[in-house]
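J.: Provided below for reference: sequence and predicted model.
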Amino acid sequence: MGDWKDNVIEDTNGIQDVIRDTRIIAVLGIKPESHADQPAHYVPAHMAAAGYEIIPIPVYYPEVTQILGRKVFRKLTEIGRPIDMVNVFRRSNDIPPHVDDIIAAKPKSVWFQLGIRNDDAARRLAEAGIKVVQDRCLMVEEGRMSR
């Protein structure tokens, strides 16, 4: 087994490989259509329009049962099938309570959105064999690949 640091992805080629290896994205902290002007809604909406399957995992909004026309789940482990990526829209200090759920869901990668960095959580995920990208916008990086 390689060093866990190999799973912390910071270079452009590695980031593009993570995106290329992704089809199904669970979005932790997604916001509903009533917040369409916020990144936690329009980034997943963009990814859905680009052909990715989005699985919504909102943290709040208990009354919401669908986002982007997809059934809402409350925990990653409730999805019950493989997911390629967990795209995280949570404040850096709000990530630790989700780490065990993320590890149990066994995604190929975890993507902390622009402005989100938690090195301790990233290390735990990387040690579990999950690729981790921090402090990058998935929409921007996906857009760079399609140019």
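T.: Looks like it came in fine.

J.: mind listing what's buried along stretch 24-35?
T.: Of the residues in stretch 24-35, those with enough neighbours to count as buried (16 or more other Cβ atoms under 10 Å) are Ile24, Ile25, Ala26, Val27, Leu28, Gly29, Ile30, Lys31, Pro32. Any C-beta I mention is one placed from the backbone N, CA and C, and that applies to glycine too.

J.: try stretch 89-105
T.: By 16+ other Cβ under 10 Å, the buried positions in stretch 89-105 come out as Phe89, Arg90, Ser92, Ile95, His98, Val99, Ile102, Ile103, Ala105.

J.: picking up where we left off before, what is the nearest of the buried residues of stretch 24-35 to Leu76?
T.: Taking Cβ to Cβ as the measure, Ala26 is the one of those closest to Leu76, at 5.7 Å.

J.: so what sits opposite the closest one in the bridge?
T.: In this structure, Ala26 bridges to Ile55, Val86 when assessed by DSSP bridges.

J.: look up how far Ile83 lies from it.
T.: From Ala26 across to Ile83, the span is 5 Å (Cβ to Cβ, to the nearest Å).

J.: which neighbours do the two share?
T.: Counting by Cβ atoms under 8 Å, 6 or more residues apart in numbering, the contacts common to Ala26 and Ile83 are Ile55, Leu76, Ala105, Pro107.

J.: which ones among those residues map onto helices?
T.: When DSSP state H is applied, the shared contacts of Ala26 and Ile83 are split such that Ala105 fall in helices.

J.: what about Val43, which SS state?
T.: The three-state label for Val43, taken from DSSP: H, G, I helix; E, B strand; the rest coil, comes out as helix.

J.: that one against Arg136, yeah?
T.: No: at 11.1 Å, Val43 and Arg136 do not qualify as touching, with contact defined as Cβ atoms under 8 Å.

J.: these two: which has the busier surroundings?
T.: Shown here are Val43 and Arg136; by other Cβ atoms under 10 Å, Val43 has more neighbours (23 against 19).

J.: which residues touch the more buried one?
T.: Residues touching Val43, when contacts are defined by Cβ under 8 Å, 6+ apart, comprise Asn87, Phe89, Gln113, Cys137, Leu138, Met139.
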